[in-house]
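**Q** need a structure here:
(one chain, ligands or ions: 1)
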Amino acid sequence: MEFSSKLLERAVNEMAQLPGIGKRTALRLVLHLLKQPKEQTEQLTSALLSMRGEIKFCKKCHNISDVEVCEICANPSRDASLICVVEDIRDVMALENTGMFKGLYHVLGGKISPIDGVGPSQLNISSLVEKVKSGTVKEIIFALSSTMEGDTTNFYIYKQIKEYGVITSAIARGIAIGDELEYADEVTLGRSLMHRIPFENSLKNM
Ligand SMILES: [Zn+2]
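**A** Residues are numbered from 1 along each chain as shown. Below is the predicted model of the structure:
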C-alpha cells in the first residue's frame, strides 16, 4: 500500500496492529476519523489512554475494575463460598447477564496452552489455590470453554485443590464442544450453571 502521507501511513499501520483489522479496514477507519470533527479523535484517544493507564484488576477475583475490589466481590449479598472459575472478563459478563449466579468469580486471565506458550504460572491459579486453602470456599465451579485447553486447565486446577475437600463441579454442556462461553445465549448458559455436574463426571467425556 502506497501512501501520499507518512502521517496517514503511521496511523494506518498502528490501527492495523489490532486483531481482525487488516490494512484496508485500518485505512477506512482512519479516513473516517479524518472526515469527523477533531474532537471525536480526541475523545477516542483519551478514552483509550485512560482505559490503558487507569484500569485495575480486582485484587480478589482479578476481574477488570476501576477500583481495588470489584463491585461483585464488594457486594455483601453475594455468596463468597461459591466460586466460578472463568477465563476472562467476557465470561463474567456473559454469566452476569444470566442473572442466575449469586456467587463470586475467579478470573484466570487465559487458559493453559503450551502451543501459545501459556503455562500455569502465567495465569491466576495460585491465588485460587490460596483461596481454597483458606477454607472459606465450599464449591468451585469450572466454567471454561470445553476446548482441549479449557479441559487441561480445569484438570490442572482440580489436581491442585482436590486435597482440600472442596466440592468441584463443571457447568453442564448444553453448550457444544468448542463453543466459547460468551457466545452461548443467556438461557442456555443459565441452565448450564444451574444443572452443573460433579467435576469428576465431566472427566468421563474427555
Ligand atoms: Zn472482584
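**Q** For this structure, give me the ranges with low pLDDT.
**A** Along the chain, the model assigns pLDDT under 70 to residues 173-184, 204-206.
**Q** all helices for the protein, in order.
**A** 6-15, 23-35, 38-54, 71-74, 89-98, 126-133, 148-161, 186-194, 199-203 (DSSP state H).
**Q** Show me the protein divided up by domain.
**A** Using automatic domain parsing, the domain parsing of the chain gives 6-54, 76-205.
**Q** picking that back up, make TSV from the helices of the chain and add mean neighbour count and distance to the ion to it.
**A** (Glycine included, C-beta is placed from N, CA and C.) Below are the helices of the chain laid out as TSV (neighbours: other Cβ atoms under 10 Å; distance: least, Cβ to the ion, whole Å):
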stretch	mean neighbour count	distance to the ion
helix 6-15	14	32
helix 23-35	14	34
helix 38-54	10	17
helix 71-74	15	3
helix 89-98	18	9
helix 126-133	16	11
helix 148-161	19	18
helix 186-194	17	18
helix 199-203	16	23
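**Q** what would these look like in CSV with distance to D116?
**A** CSV is the format used below for the helices of the chain (distance: least, Cβ to Cβ, whole Å):
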stretch, distance to D116
helix 6-15, 24
helix 23-35, 25
helix 38-54, 23
helix 71-74, 28
helix 89-98, 18
helix 126-133, 20
helix 148-161, 8
helix 186-194, 25
helix 199-203, 24
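**Q** Centre-most residue in this protein?
**A** Centroid check for the chain by Cα atoms, centre = their mean gives D88 as the closest residue, at 0.8 Å.
**Q** Now do that residue against the ion, distance only.
**A** In this view, D88 and the ion are 13 Å apart by Cβ to the ion, to the nearest Å.
**Q** Return the residues in contact with that residue.
**A** The contact partners of D88, by Cβ atoms under 8 Å, 6 or more residues apart in numbering, come to 107-110.
**Q** Nearest to H62 among the domains of the chain would be which one?
**A** Set against H62 and scored by Cβ to Cβ, the domains of the chain come closest in domain 76-205, at 4.3 Å.
**Q** biggest strand in this protein by residues?
**A** With DSSP state E setting the assignment, residue counts place strand 79-86 as the longest strand in the chain.
**Q** what's it in contact with?
**A** 92, 95, 101-108, 128, 131, 136-144, 154, 157, 181, 193.
**Q** quick one: that strand to helix 126-133, angle?
**A** 150 degrees (axes from the mean of the first three to the mean of the last three Cα atoms, to 10 degrees).
**Q** neighbouring strands for strand 79-86, and are they parallel or not?
**A** Here strand 79-86 has these sheet partners by DSSP bridges: strand 103-107 (parallel), strand 139-142 (parallel).
**Q** quick one: which of these is nearest the ion?
**A** strand 103-107 (6.8 Å; Cβ to the ion).
**Q** is the closest one anywhere near the ion?
**A** No - under the criterion of Cβ under 5 Å from the ion, the ion is not reached by strand 103-107; the shortest gap measures 6.8 Å.
**Q** Let me have the strands paired with strand 79-86 in JSON lines, adding mean neighbour count and distance to I55 as columns.
**A** JSON lines is the format used below for the strands paired with strand 79-86 (neighbours: other Cβ atoms under 10 Å; distance: least, Cβ to Cβ, whole Å):
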{"stretch": "strand 103-107", "mean neighbour count": "23", "distance to I55": "13"}
{"stretch": "strand 139-142", "mean neighbour count": "21", "distance to I55": "26"}
